[in-house]
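Student: Just to be clear, the model below is a prediction. Sequence and coordinates:
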Amino acid sequence: MNQSGRMPALFIGHGSPMNTLATNGFTEAWRALGRELPRPRAILVISAHWFFGATAVTAMPRPRTIHDFYGFPDELFAFDYPAPGAPDVAAEVAEIAKPLWVGLDRDQWGLDHGTWSVLAHLYPEADVPVVQLSINALKPLDYHLELGARLAALRDRGVLILGSGNVVHNLRRVQWNKPDAAFDWAERFDDAALAQLADDPAAALKLAEHPDYALAVPTPDHFIPLLYIAGVAAGSESAMEPFVRGYAMGSLSMTCYRTGAVASPARRAVGAAGLPSDVPPEQTNV
C-alpha cells in the first residue's frame, strides 16, 4: 500500500475455475501477491460471471458460494468460500455511483467462481468481507469505464477493488493440446492492452478499435472487468502495471494488472489452463 493509505486495485486473468485447486505459475503469482497485499476493510469484485441486465451489488451478510459451471470434478463443486458480506460497503457503492443507479441485491446472487477462484489464493482464509458488483449487459462500454472511475474513491475507504475476467477470451478458438500457447492475434491484442493501460487507462476504450478486438473479445463479459479497473486507475490518477503475463490454450490471456501497489517487473507464468481436456468449451463456464 502506498503512503497515502490508498488500497490497491487489481485485474486478474482468472482462466478456468480449476485454477481454484491448482498449483501453477499463475496461482503461485496470485498467492505471492496476496502475501504482499494489505488487509482491506472489504473487497469489491467485478466478475465476468455476473453478467445480466442490471447493475447490482451483493448486500447480504453471508453471500453463498455459487458453482456457476458444469462438466468439472466433484472436488470443485465441493469448494466453499465462506467470506462474510458487507452490506454497509454495498450501500456505499450504491451511494458513490450516483447518479448511476446500483441496486442492492439482498438475496439473489452471491460469490461466483470469477470471485472465489481468485480470492482462494489472494485471501485463502476467506476472512475479509466481499461484495460483488454485477456487469450490466445492457450498457455500452463507456458506462463501465465511467462507473469504475466513480468507484475509485472507495480505495481511500479501505476497499480493495478487483476485476476478474480475461483480456483475451475466445473459447471457440481454444487449442486443447497447447496449454501454454497463444495465437498471434491473441498476443497482439494482449500487447496492445498492456501498452494502452500503461500509457493512458482513461482511454482504454481505444482497444475496441484494435483490428484483433473481434477475435480477442467475441463477447464482452470477460473484457469489461478490465475496463472497471482502467476506470479506477483513471479516477485515481494512477498507472496500471502487469504483475504476471502468460497464455492458455491459444486464445486465453492470463495477464494480470495492479494499480496502487508496489510495482515490480511482470513475471511470465505458464501452465495455468486448468480445463479438463475431455470437456468441450461450450460445456464450461470459464
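Tutor: The structure has been received and is ready for your questions.

Student: neighbours around H222, how many?
Tutor: Residues contacting H222 under the criterion other CB atoms under 10 Å number 31. For every residue, glycine as well, the C-beta is placed using N, CA and C.

Student: hang on, isn't it packed against H169?
Tutor: Yes. With contacts counted by CB atoms under 8 Å, H222 reaches H169, the gap being 3.8 Å.

Student: if I look at the two, which residues touch both of them?
Tutor: A48 (CB atoms under 8 Å, 6 or more residues apart in numbering).

Student: okay, the residue lying closest to G158 once chain neighbours are set aside: pLDDT?
Tutor: Nearest non-adjacent residue to G158, counting by CB to CB, 6 or more residues apart in numbering: R41, 3.1 Å away. Among the per-residue scores, R41 holds a pLDDT of 97.

Student: quick one: contacts for R41?
Tutor: With contact set as CB under 8 Å, 6+ apart, R41 has these partners: A86, V89, P129, R157, G158, V159.

Student: pretty sure the fourth one contacts D88?
Tutor: No. Under the contact definition of CB under 8 Å, R157 does not touch D88, with a separation of 10.4 Å.

Student: The residue nearest to G158 and G34: what is the separation?
Tutor: 16 Å (CB to CB, to the nearest Å).

Student: And for G235?
Tutor: In terms of CB to CB, G235 sits 24 Å off from G34.

Student: Do a quick rundown of the helices in the stretch 101-250 of the chain.
Tutor: Ranges of helices in the stretch 101-250 of the chain, per DSSP state H, counting those that start in this stretch, are 113-122, 141-151, 184-199, 213-216, 224-235.

Student: now those as CSV including distance to A56?
Tutor: Formatted as CSV, the helices of the stretch 101-250 of the chain follow (distance: least, CB to CB, whole Å):
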stretch, distance to A56
helix 113-122, 14
helix 141-151, 12
helix 184-199, 27
helix 213-216, 27
helix 224-235, 14
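
Student: now those as CSV including mean neighbour count?
Tutor: Shown next, in CSV, are the helices of the stretch 101-250 of the chain (neighbours: other CB atoms under 10 Å):
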stretch, mean neighbour count
helix 113-122, 26
helix 141-151, 21
helix 184-199, 18
helix 213-216, 19
helix 224-235, 28
